[in-house]
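> How does the following fold in three dimensions:
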Amino acid sequence: MQTPPDTPPPVPAGGTPTAGPHPAAPARGHVLVVDDDPTVAEVVAGYLTGAGYDVARAADGPAALALYAARRPDLAVLDLMLPGMDGFEVCRRMRVQGPVPVIMLTARGDEDDRILGLETGADDYVTKPFSPRELVLRVDSVLRRARAAAVPAGPPRLLEGAGLVLDPAARSATCRGGRLALTLREFDLLAFLLRHPGRVFTREELMREVWGWDFGDLSTVTVHVRRLRGKVETDPAHPQLIRTVWGVGYRLDLPVAGPAAGAPS
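Next comes the predicted model:
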């Protein structure tokens, strides 16, 4: 694992929450770190603690679920390769108890793993080796987005087009009358595109404008677009709504309504 030269603050072993650098100050949030590698867990927890977060640690799935049930974290940093119960199953069981932002860690960077991680509701996916400082920035970004989504900004307005209806206030979506099961990031991406039909966005722009990231793996955008097409396109292999503009990025094309019956052409 890549680590910057400075040494992280000491972190006690086990699942005990770790105090931040200023005990009297309120923590920025409670983060659950789940990794069976004690070195990785200590470094990640140390950097998060140094950034002002209250941290709890677990080395396996059952311990993670016990800590999760005892005190619901604001975010979980979850290793994929855990003994006995993998990170996918831990994430699924957490989701049964309630929504929580999840950043998955893994040494496997295969696209199938990324897709499966996103299917289980992961909000971000970080491949080892990684920079702990970048991970802290990702935690900041995911929490900021999750908290912003929980606070309504003005009167709710439905987003509609091409048989799609999104309710940003209720975080619900339908397609041609049927309910759409969208992850947090899929919903945000589709809502953004519906607000800007006909405009081309690069992958960098989508990462920054939709999810507030100035860094990260651009293939994450590609995976989300592919998965979103599978849910909203009549024929995902030949998309008519979310178009690829080669060499640039992606554009949402809404069909132009024809003239009303009896109206002059």
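> Near Gly177, how many other residues are there?
By the criterion of other C-beta atoms under 10 Å, Gly177 has 7 neighbours. All C-beta atoms are positioned from the backbone trio N, CA, C, and that covers glycine.
> ok, it - contacts?
Counting by C-beta atoms under 8 Å, 6 or more residues apart in numbering, Gly177 touches Gly163.
> Pretty sure Gly161 sits against Leu254.
Yes - if you go by C-beta atoms under 8 Å, Gly161 and Leu254 touch, sitting 4.3 Å apart.
> got any residues that touch both of these two?
Pro197.
> what's the neighbour count on the closest residue to Tyr47 other than its chain neighbours?
Of all residues not flanking Tyr47 in the chain, Pro132 sits nearest, at 4.1 Å (C-beta to C-beta, 6 or more residues apart in numbering). Neighbours of Pro132 under the rule other C-beta under 10 Å: 22.
> Relative to Arg147, how far out is Val126?
20 Å (C-beta to C-beta, to the nearest Å).
> nope, Gly50 is what I meant
21 Å.
> Give the residue from those two that has the larger number of neighbours.
The neighbour comparison of Gly50 against Arg147 (other C-beta under 10 Å) goes to Gly50, with 17 against 12.
> any idea how far that one lies from Val232?
Where Val232 is concerned, Gly50 sits at a distance of 42 Å (C-beta to C-beta).
> cool, and Val136?
Applying C-beta to C-beta to Val136 and Val232 gives a distance of 34 Å.
> Those two: who's more crowded?
Val232 (23 against 18).
> Which residue is the nearest non-sequential neighbour of that one?
Closest residue to Val232 apart from its sequence neighbours, by C-beta to C-beta, 6+ apart: Cys175 at 5.4 Å.
> Tell me the confidence at the one you found?
With respect to pLDDT, Cys175 scores 92.
> got it, and Ala170?
83.
> element containing it, please.
For Ala170, there is no host helix or strand (DSSP states H and E).
> most centrally placed residue in this protein?
Computing the C-alpha centroid of the chain and ranking residues by C-alpha atoms, centre = their mean puts Asp123 first, at 1.7 Å.
> need the contact list for that one.
Contacts of Asp123 by C-beta under 8 Å, 6+ apart are 101-103, 142, 145-146, 184-185.
> between these, which has the most around it?
Going by other C-beta under 10 Å, Val102 tops the contacts of Asp123 with 26 neighbours.
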